[in-house]
Structure formats: C-alpha cells, structure tokens
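Enquirer: using only what follows, build the 3D model:
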Amino acid sequence: MLRLIVDRKPTPGSLNMAIDEALMESYSELGMPTLRFYKWKTPCLSIGKFQKISEIDIDFLNVNGIELVRRPTGGKAVLHHEEITYSVVMPFEFFEKKEVINTYQKIALALRKGLEILGIQTNLSKNKSHVENSFRSACFSVPSIYEITVDGKKLIGSAQVRNKNVILQHGSLPFKLDIDTYSQCFNLSDEARFKLKRILESKTITLNQLDSEINEKDLMESIVKGFEEIFSLSVFYGDYSDIEVKRAGVLRNKYESKEWTFKR
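Expert: Down below sits the predicted model:
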C-alpha cells in the first residue's frame, strides 16, 4: 500500500522541506511508503543541499518577496510558484536495484506513465546535458539522466536523498514558469543573465504549454495512477501521523535557520 497525502493549502517552503524530511526520518518507526503533493504559499527559490549560497542574488529575492530555502536533497536552484510539487518516500525494497540512478529511473517511469494518461507524451533524458558552468546554478537549465523531457526540453526537475534504507525524492511539476524572474535569482552579470534566460527559454517547457486545459486534480490523479501501475501498489488517502507532525515541527526550525540556509 502507498499512502497518498494531498496538502490542499499552500505552505511556506521551510515547512514543505521539514515535512518531506520528517516523512523520510519517520519511516523506520511507521513503515509507511508515501506519495505527497503540495504547493507553495509564496514564490520560493529552493537550492540544493550542497549548492553555494554565493550563486544566489539574495538582494533580488528579498526585494521581490521570494522565499529562500535549502533542500535536504542535492541538485540546483528551482523557482517554485505555479506548480504542484510531488515527494516520494520509499524503502529500497520497492526497487529492483538500489543505486541512485535506478531508483531515479523507476520514479521517472511512474511520472511519465501519469503524464501519458493525461495524453502528454514525454521522454526520459538518456544523458546528462552540458551547459556552461555559469548557468548550472538553475536546475531547469539542463536535464539530468532520467529526467522528464518533451522534445528535449525539461518538464520535471527532481532531486533525491537517502537515509539508511529509505529514499526521499521530490520534484517540480510546473504549470507555468516565470523565466524572467527565475533568471534574475542568480549572481550573474547582465550579459550572463540574459544568456541564462535564453537557455531557459530553449530548454524548458511547462504543463500549460503542452495542454492549457490541464488542472491540478487531473494531474494528481494521473500521477497516482502512474505510481500504482509502475510500483504495483494500491494507493489510499492518508494523513500525517503524530510522530511526523512533531518531527516536522522540530525540523522547520532547521529550515528557517541561517545556519542551514547560508551554510555554504
């Protein structure tokens, strides 16, 4: 069985990350594989666990009311706003092979199947694309292996972390992407920022560009069906346990702290 949690109310980035980590950390006590969908209360730039804070234009974020949060997962910066975000917490036993690339691939197949149910045909990127180092700060500037693409353009950006025998993977399912704002979130010269904007325009695509009629309900239902088929699991609607709620409350302090957010 796979527990499905849908957070209808948009949530601050710090709490979203705290909940995701709490789900992973609580698995050893609860044994509850979980698929979660959530939204963001305000525009939020999430950066990877190991990403250098010097890559980000903090002043631009502050002036424009964009929250900043550092994820527990790796990867590069994602601007979250008009999207649905998914997260998955599962033990290794649900995967034929436990290597990162293999777990990443199987989750990608579930996402791809869900989009296929919606009538959206996608591909899995086979190789890691190359882009100048100056522009790698933005997650959507380049697809990584087994990320979801359409005609070579990145549609879903995901990242993963592991805790003992459990993985947490989460990613962005964007309805829209404000490329102009996204490209200004980084410490780049005006010329480099202009180039990044052009790269993002040529290498990204959104759900609304593929189907202007798509809605949140249909998207989530289709992704759920994709996970049911690929993982051979039945999904049931659930909620957070007291253990997870308590743990998320503690972890939120971490994600709101300067020590964590500005650690690199």
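Enquirer: do a quick rundown of the helices in the stretch 101-250 of the chain.
Expert: Using DSSP state H, counting those that start in this stretch, the helices found in the stretch 101-250 of the chain span residues 179-183, 190-203, 207-210, 216-231, 242-255.
Enquirer: need those in a markdown table (columns: distance to Glu25).
Expert: (Glycine included, C-beta is placed from N, CA and C.) Compiled in a markdown table, these are given as follows (distance: least, CB to CB, whole Å):
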| stretch | distance to Glu25 |
| --- | --- |
| helix 179-183 | 31 |
| helix 190-203 | 34 |
| helix 207-210 | 31 |
| helix 216-231 | 22 |
| helix 242-255 | 6 |
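Enquirer: those: which one's closest to Ser14?
Expert: Among those, the nearest to Ser14 by CB to CB is helix 242-255 (4.0 Å).
Enquirer: dump stretch 5-22 to CSV, keeping only the CA atoms.
Expert: Only the C-alpha atoms of stretch 5-22 are listed here, as CSV (Å, rounded to 0.1, in the frame of the first residue of the first chain):
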residue,chain,number,x,y,z
ILE,A,5,-1.2,12.8,1.2
VAL,A,6,-2.5,15.9,-0.6
ASP,A,7,-1.8,19.2,1.1
ARG,A,8,-4.5,21.5,-0.3
LYS,A,9,-3.3,24.6,1.5
PRO,A,10,-0.2,26.3,0.0
THR,A,11,2.6,26.1,2.6
PRO,A,12,5.8,28.0,3.3
GLY,A,13,9.0,26.5,1.8
SER,A,14,10.6,25.8,5.2
LEU,A,15,7.6,23.7,6.3
ASN,A,16,7.4,21.9,3.0
MET,A,17,11.0,20.8,3.3
ALA,A,18,10.6,20.0,7.0
ILE,A,19,7.6,17.7,6.2
ASP,A,20,9.4,15.9,3.4
GLU,A,21,12.4,15.2,5.7
ALA,A,22,10.1,14.2,8.5
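Enquirer: what are the buried residues along that stretch?
Expert: 5-6, 11-22 (16 or more other CB atoms under 10 Å).
Enquirer: my read: Phe236 touches Met32, true?
Expert: No: Phe236 lies out of contact with Met32 (CB atoms under 8 Å); the separation is 10.6 Å.
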